[in-house]
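Q: just coords:
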């Protein structure tokens, strides 16, 4: 019996030793596992850090920040900067915006673009007056990089370029739809048109004449000098054609207000119409109610301030500029977000960005509506005919779609 007990004690002692040895092995295995996990986590962290420090995609930005158009540029620039802020908040690949000043002439615009191209952006946001475009068009064509425009001459979309994109209407598009409305709904046959005697005015006159040919309308053009105080001679000249409708093309609030007042003072009672400048806040703030009531025009982007997204954007925009957004502000934000999305999706390859924007499945639902580019690069094909009512209220008359769309 004692021998059995002794054997049992020896067995328990050996078992204890083995158990301790086994525990030691278990601890060592656990330590190795922790080290492996730590190595994997470090590796993952390193990969994550690498992803977070991905080189930004460089997008160029050419805008007329100095010169006579500088006050207008603030509308566009505020929206562009808000778009950069919004995009980079959530972007996997950030955007680096490279800005150059276009000044206010074709020569200064070319100089600004030359500086911009030296920095090798993958795409360019172009914000300037359409008459300045002659200075940059050849350089853009040489560069063969996608360019998204705020405002250009209609001929740009007729040059066969695959790199040019625009989400604003050209004057040719807007005036053609407006002329169609005048004929079909007002029975207009003869138009007396007043244009500023400058490059913008001449471009608009050419666009209206093309529309007149399409819709079999007669046009009698009169030219005025922007900045004059007395437009009575111009109005008298226009009156001689005995028109069914007077059309005033204008982008200057003071000129427009003076012409309307003098027309009323001279007893003009026939229908008066203008371009999309009618809904411009600067114009409506200076014109008298009795002069503008009943005037027709069009809106490129009807703005619904009750829309939650527009309301939120407007609050941020207004905090910077002190006034509500207009169509240009919304379109500027949208075109910036569009080029950012396409640029990062294409990995910063200019040709792939162009292909992406031209692809059949591509469209963008933004603050200014849904944009889809046609084969020429134009992305918008509708206007809203509007009329100024009591208290300068902008009243919607009819939504009009460009022929063929």
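A: In hand now; what should we look at? Being a predicted model, the structure only gives us computed values, none of them experimental.
Q: ranges for the helices of the stretch 251-400 of the chain?
A: Counting by DSSP state H, counting those that start in this stretch, one finds helices in the stretch 251-400 of the chain at the ranges 253-265, 281-286, 289-292, 308-321, 327-345, 350-358.
Q: any idea which of those helices is most buried?
A: helix 327-345 (a mean of 24; mean count of other C-beta atoms under 10 Å). C-beta coordinates here come from the backbone N, C-alpha and C atoms, glycine included.
Q: that one to helix 350-358, inter-axis angle?
A: 130 degrees (axes from the mean of the first three to the mean of the last three C-alpha atoms, to 10 degrees).
Q: I'd like the mean pLDDT over helix 327-345, please.
A: Helix 327-345 carries an average pLDDT of 95.
Q: returning to that earlier point: which of the helices of the stretch 251-400 of the chain has the lowest mean pLDDT?
A: Across those, helix 281-286 gives the lowest mean pLDDT, at a mean of 85.
Q: contacts for it next, please.
A: Contacts to helix 281-286, defined as C-beta atoms under 8 Å, 6 or more residues apart in numbering, come from residues 253-254, 256-257, 277, 292, 323-324, 326, 388, 392.
Q: circling back: so which of the helices of the stretch 251-400 of the chain gets nearest residue 245?
A: helix 253-265 (12.4 Å; C-beta to C-beta).
Q: which other helices and strands contact the closest one?
A: If contacts are counted by 3 or more C-beta pairs under 8 Å, 6 or more residues apart in numbering; DSSP states H and E, helix 253-265 sits against helix 232-239, strand 245-248, strand 271-274, helix 281-286, helix 289-292.
Q: for the third one, packing partners?
A: Read it as strand 271-274. By 3+ C-beta pairs under 8 Å, 6+ apart, strand 271-274 packs against helix 171-186, strand 245-248, helix 253-265, strand 296-299.
Q: okay if I get the helices of the stretch 251-400 of the chain as a markdown table plus distance to residue 172?
A: Formatted as a markdown table, the helices of the stretch 251-400 of the chain follow (distance: least, C-beta to C-beta, whole Å):
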| stretch | distance to residue 172 |
| --- | --- |
| helix 253-265 | 21 |
| helix 281-286 | 22 |
| helix 289-292 | 26 |
| helix 308-321 | 28 |
| helix 327-345 | 17 |
| helix 350-358 | 21 |
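Q: have a look at the chain and report the helix or strand with the lowest mean pLDDT.
A: None of the helices or strands of the chain scores lower by mean pLDDT, DSSP states H and E than helix 2-52, at a mean of 37.
Q: note down every partner strand of the helix or strand just after that one and its orientation.
A: Per DSSP states H and E, the first helix or strand lying C-terminal to helix 2-52 is strand 57-63. If you go by DSSP bridges, strand 57-63 pairs up with strand 95-101 (parallel), strand 123-127 (parallel).
Q: I'd like the mean pLDDT over the next helix or strand after strand 57-63, please.
A: Later in the chain than strand 57-63, the nearest helix or strand by DSSP H and E is helix 70-90. Averaged across helix 70-90, pLDDT comes to 94.
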